[in-house]
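based on what follows, work out the 3D shape:
(2 chains)
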Number of protein chains: 2
Amino acid sequence: MAEFMTGMKRTDYCGDLRIGDVGREVTVCGWVQRCRDLGQLIFIDLRDRTGIVQLAFNDKTDKEIFDKAFSCRSEFVLAAKGVVCERSSKNSEIPTGDIEVVVSDMRVLSKAQTPPFEIVDDTNTNEELRLKYRYLDLRRRPLLNNLMMRSKIAKVARDYFHDNGFVEIETPMMIKSTPEGARDYLVPSRIHNGKFYALPQSPQIYKQLLMLSGFDRYIQLARCFRDEDLRADRQPEFTQIDMELSFVDVDEILEINEGFFKKLFKEVLNIDLEEHFQRMTYKEAMKSYGSDKPDIRFDMKIQDISDLVKDCGFSVFTSAIENGGSVRAIVAKNASSVYTRKEIDKLTEYAKGIGAKGLAYVRWVDEPNASFKKFMSEEELSAIYERLGAEKGDVILIVADKNSTVLSTLGALRLVVAKRLDIIPDVFKFLWIVDFPFFEYDEESGEWLAMHHPFTMPKEECLQYLDTDPSKVIAKAYDLTLNGVELSSGSMRITDYELQQKMFKALKLTDEEIEAKFGFLVEAYKYGAPPHGGMGIGLDRVTMLMCKADSLRDVTAFPKVQNASELMSACPAEVDDESLEVLGIKVVNKED
Amino acid sequence: MAEFMTGMKRTDYCGDLRIGDVGREVTVCGWVQRCRDLGQLIFIDLRDRTGIVQLAFNDKTDKEIFDKAFSCRSEFVLAAKGVVCERSSKNSEIPTGDIEVVVSDMRVLSKAQTPPFEIVDDTNTNEELRLKYRYLDLRRRPLLNNLMMRSKIAKVARDYFHDNGFVEIETPMMIKSTPEGARDYLVPSRIHNGKFYALPQSPQIYKQLLMLSGFDRYIQLARCFRDEDLRADRQPEFTQIDMELSFVDVDEILEINEGFFKKLFKEVLNIDLEEHFQRMTYKEAMKSYGSDKPDIRFDMKIQDISDLVKDCGFSVFTSAIENGGSVRAIVAKNASSVYTRKEIDKLTEYAKGIGAKGLAYVRWVDEPNASFKKFMSEEELSAIYERLGAEKGDVILIVADKNSTVLSTLGALRLVVAKRLDIIPDVFKFLWIVDFPFFEYDEESGEWLAMHHPFTMPKEECLQYLDTDPSKVIAKAYDLTLNGVELSSGSMRITDYELQQKMFKALKLTDEEIEAKFGFLVEAYKYGAPPHGGMGIGLDRVTMLMCKADSLRDVTAFPKVQNASELMSACPAEVDDESLEVLGIKVVNKED
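Below is the predicted model:
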């Protein structure tokens, strides 16, 4: 049986000891990372969350202690007392490498079986096994550090918003299911058989109500739930730094959040972000980057050459324009050696895979070599090169199609090419996307649909176009992006009952639909509502980017895999009949 | 339609303005609490979360603004700009009573219908209506303040534990259902039809795993869920300040939590708590207070008089003792005038209602008048009075029964009497209950059952009795109580695989039960476990006590009522067939 701790109170963390501690008697606790038995000498690397320190046992060590050290294996848990001494052979690769603890007393607090994989920073063990033994995987330094950083990020967030007058309020987790957005996770009620709670997709409705109550500034690090098929960067439950502010307009919301990120990056990564984050309209983002979350760490903007080619002899170009589309291009500088003919063919396949009909290109090794040169005059070609600022060594990629396809294809190619050319600087580049259109024209139904939730406020000066020209109505909505990743989405909300009714009408909602979907919330706005807006920041994504982690799983303590199960506890699982009986439900369809 | 905010940026909160601000031009925003129209003068009390300020409109006010002021009604939302002036007639009852804002510009940001009840501090409106319009009820100062205080409590908690090296880690909300403890809320899986997640009753398993991973000190303000029938002081979801520490023993856990509460009460209420909280063994608490969460703000201890009466002529006393029970008493000092014969009869009924067969008493007005005097000699009676320290003016209450009934009855009477006599001082009195027995003897089954979860560590010196004398095994478990309310429960955990197996055996669990109930957790302890323990503090209860609120509903933003429904959104609710179909479940029993 293992020994107990009494009388062995820890004085220091392993990773904190330095040359300045030499001569001190310390007690350290932790896991055995490694034992080295040199006959008369034993060295044990002891690990805790702060780092590793070397324990030394030598010919002066009490025999009983020496024997205990001899019996230690990887992942045994120890408490060791001893004097910090300067090492004879130092290790400059770890912060404690100048010293060692010469042990005078030691207890084996817990023995350990050989773990199913070695606890090392870089591991080749497949993720499935590591997730099954998540508690062991979390011992690995990269994951441990990620979660420590996540904790710090959350702390800075709470401090900052608290210091700016925000009140943290916990909104309920068992709420009413709404037929909006993604699919809800449902919770059957035992007391009210046949009825269900839903887990919140976000605290949206509650935070709006808190503004109506007068809390003025609300913050919550809120768990949110979405029952969707998981992509690489999704988890069924995730955390949002959720906020709402009263008596403000868009500018103040953006400013206060810029302040947050500046403080966050300074405190956690010691990085000074720009004084003001760049803002870009949705229109400009789509036009120049083919994306509503452009990565602006590099240029390579999309440029329109439709006017230059509208009368050329290349029917691919001319017919795209005639059909209301366009011809646009990106220029990959100095890419001609990387993008050989073969590599460009791969890009063409990629472009086709995401909806383009094809890819025209110019590869300029010594002379510009355009894939479409036989259809154009030298003057026409020169005009294109001049417009695009293309030079020797460059590659031009051109797409001709309807506008949405041209932009989305070039937007995607831009990212692929930049990654391949390795031209993306390792910086954090924030960008606000503003002035989102309020309505989106649905080509299939021929109707204008809301791009945001129907409580989103239009810009005052656009209200006049609500009935006459939906395309001109701009929403007071904004996204925050970082390095091409959407971190946050927000808007000002409609607080005027009459305007809200008008918006519902513009969205062609019937009274019944309004009541069913938004019932008590609409009612709430009758009793005096302050102007308010807010946003929610994806804490998991922020953490992932700040940790430079590859996956949300690497910044989530106990993540679920793609099929929404947790491998360690084997959840979800079957439950007993009695549990279902009291809920008044029955399983009618079982997974194979 | 309402007006917009542009150009009316708030400079100050209403409740912050003071005589020192006189002469400043300010812009305030808020809700109309009250309008007074004095013909040439209009006064509006404007309310925000900080308090109320008076807006003044007079004969110098622009006519358009004056007319707007005239049109205002309760709960309209305004932004008002003006100069802070000293009032001619001051109001000493509010902090801003020395000044008013003489308004030069004003916007009506939102009109308001007459609310279903008036927004005032003291309300007679029934709670059901207030819960339906919770967003209006939260405008009332007491509720608003409670939730602001809750936010502050949470902030202090996070700061304190962060400063003491704790890492906040979010554990999952959709976990595996365990057949332990209260009933789980279940979440059917769409991807794995027929399988279910459970909402966590606490993060117990995950926090233990985090210790195995080496996070060393974990904290989380964790939402917990229990599907129980609700009592007055329960909510289906509640929040726990949940923690776990490695490489410590009980003392350090208690000390760090005393530090927390001292800081909390100082920062939030400016109250200095005692340097060290009193500790009491479970045995002493039960013996002297008949409760494992005694209110020690007043004395009135339970005293044993069995030895004095074991041979008396009163068979109620003697037979209780003969049957292994006892005769015990409490003395209510100076209670004889409050506790008339009739009032004592009511106490007797109360005692019977909670399981006692009856109540013997002595009412000492001028002379001691014992309900059982005809069965005893003067000497016997005097011995009792002397033992109990009873004097003229006192009332003695005596219960004779088996020990558990005697103690629980007198423990309950003690509280009832103290409340009635109004002798409980208005202080905060913390008390640790320690040295809980490990096993509880179940009279029905004749077996020793675990009083705590089976991972609770026994005291080292008791391990020898595990097989031989379960009654002597003391758990390393501790509760924290405040004024007779249990705030927290915790323990050291077993980290030794062999000891754990031994404990399972002592609890008569089969290997199959161990695997089914604790499977992967038991496995996890094979790979090196640090000594660790922790506790969870009920945030809602702490807040309720600190706010001196009557109910958890008064410290929860959007509470549920006794039948676990939320009146505002009418949840839980029915959902559409498609939603159930994809989950592979069917409702087979509907609430009427």
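
helix/strand/coil for residue A:392?
coil (DSSP: H, G, I helix; E, B strand; the rest coil).

for chain A, give me the ranges with low pLDDT.
A:1-2, A:179-180, A:232, A:592 (pLDDT under 70).

and the stretch 251-400 of chain A, which of its residues are near chain B?
Within the stretch 251-400 of chain A, the positions near chain B by CB under 8 Å from any CB of the partner chain are residue A:252. C-beta: built from backbone N, CA, C; applies to glycine.

where do the strands sit along the stretch 251-400 of chain A?
A:278-281, A:303-304, A:326-332, A:360-364, A:368-370, A:395-401 (DSSP state E, counting those that start in this stretch).

which of those strands sits most buried?
Ranked by mean neighbour count under mean count of other CB atoms under 10 Å in any protein chain shown, the strands of the stretch 251-400 of chain A are led by strand A:395-401, which reaches a mean of 26.

which other helices and strands contact that strand?
helix A:315-322, strand A:326-332, helix A:341-353, strand A:360-364, helix A:378-388, helix A:403-421 (3 or more CB pairs under 8 Å, 6 or more residues apart in numbering or on different chains; DSSP states H and E).

and the fourth one, what does it pack against?
On a contact count with 3+ CB pairs under 8 Å, 6+ apart, strand A:360-364 meets helix A:341-353, strand A:368-370, strand A:395-401.

starting at the chain centroid, how far to the second one?
In this view, strand A:368-370 has its centroid 40 Å away from the chain centroid, taken as CA atoms, centre = their mean, to the nearest Å.

one step back: buried deepest among the helices and strands packed on strand A:395-401, which one?
Greatest burial across the helices and strands packed on strand A:395-401, using mean count of other CB under 10 Å, falls to strand A:326-332, with a mean of 24.

pop the domain breakdown of chain A in here.
When chain A is parsed with automatic domain parsing, its domains come out as A:14-110, A:144-280+A:432-556, A:298-424.

now distance to residue B:517 too, for those domains, in CSV please.
Listed next are the domains of chain A as CSV, based on distance: least, CB to CB, whole Å:
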stretch, distance to residue B:517
domain A:14-110, 22
domain A:144-280+A:432-556, 22
domain A:298-424, 49
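
quick check: which of these is nearest to residue B:484?
domain A:144-280+A:432-556 (25.8 Å; CB to CB).

ends of that closest one, how far apart?
Terminal residues of domain A:144-280+A:432-556 are spaced 10 Å apart (CA to CA, to the nearest Å).

from the chain's centroid, how far away is that domain?
For domain A:144-280+A:432-556, the separation from the chain centroid amounts to 15 Å (computed by CA atoms, centre = their mean).

what does stretch A:18-30 give?
Using CA atoms, centre = their mean, the offset of stretch A:18-30 from its chain centre is 40 Å.

pull the residues that contact that stretch.
Applying CB atoms under 8 Å, 6 or more residues apart in numbering or on different chains, the contact partners of stretch A:18-30 are A:8-14, A:17, A:46-48, A:53, A:55, A:77-86, A:95-96, A:98-99, A:101, A:104, A:109, B:214, B:246-247, B:530.

send the alpha carbons of that stretch over as CSV?
The C-alpha trace of stretch A:18-30 is given here as CSV (Å, rounded to 0.1, in the frame of the first residue of the first chain):
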residue,chain,number,x,y,z
ARG,A,18,16.8,27.8,-9.7
ILE,A,19,20.4,28.4,-8.8
GLY,A,20,19.3,31.0,-6.3
ASP,A,21,17.7,28.2,-4.2
VAL,A,22,21.0,26.4,-3.7
GLY,A,23,21.3,25.5,0.0
ARG,A,24,17.6,25.5,0.7
GLU,A,25,15.9,22.4,2.1
VAL,A,26,12.8,21.9,-0.1
THR,A,27,10.0,19.3,-0.5
VAL,A,28,8.8,18.7,-4.0
CYS,A,29,6.1,16.4,-5.2
GLY,A,30,5.3,15.0,-8.6
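
what are the buried residues along it?
A:21, A:26-30 (16 or more other CB atoms under 10 Å in any protein chain shown).

relative to chain B, which of the residues you listed is nearest.
Nearest to chain B out of those is residue A:29 (CB to the nearest CB; 4.3 Å).

please, which helix or strand holds the closest one?
When elements are assigned from DSSP states H and E, residue A:29 belongs to strand A:25-37.

can you give the strand pairings for that strand, parallel or anti for each?
Pairing partners of strand A:25-37, with direction, according to DSSP bridges: strand A:42-48 (antiparallel), strand A:77-86 (antiparallel).

can I get the ones you listed in TSV including mean neighbour count and distance to residue B:119?
Listed next are these as TSV, based on neighbours: other CB atoms under 10 Å in any protein chain shown; distance: least, CB to CB, whole Å:
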stretch	mean neighbour count	distance to residue B:119
strand A:42-48	23	54
strand A:77-86	21	58
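
with distance to residue B:73 added, can I get those strands in CSV?
CSV is the format used below for the strands paired with strand A:25-37 (distance: least, CB to CB, whole Å):
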stretch, distance to residue B:73
strand A:42-48, 64
strand A:77-86, 69
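
how about the residues of the stretch 1-150 of chain A by chain B?
Counting by CB under 8 Å from any CB, the stretch 1-150 of chain A sits next to chain B at A:1-2, A:4-6, A:9-10, A:13, A:29-32, A:47-49, A:75-77, A:79, A:109-113, A:115, A:133-136, A:138-139, A:144, A:147-148, A:150.

mind checking which of the residues you listed land in strands?
A:29-32, A:47-48, A:77, A:79, A:109-110 (DSSP state E).

what's the burial count for the residue of the stretch 351-500 of chain A found nearest chain B?
As assessed by CB to the nearest CB, chain B sits closest to residue A:496 within the stretch 351-500 of chain A, at 4.4 Å. Using other CB atoms under 10 Å in any protein chain shown, the number of residues around residue A:496 comes to 20.

also residue A:66?
19.

other SSEs contacting whichever strand or helix holds it?
Following DSSP H and E, one finds residue A:66 within helix A:63-71. Applying 3+ CB pairs under 8 Å, 6+ apart, one finds that helix A:63-71 contacts strand A:42-48, strand A:51-57, strand A:99-110.
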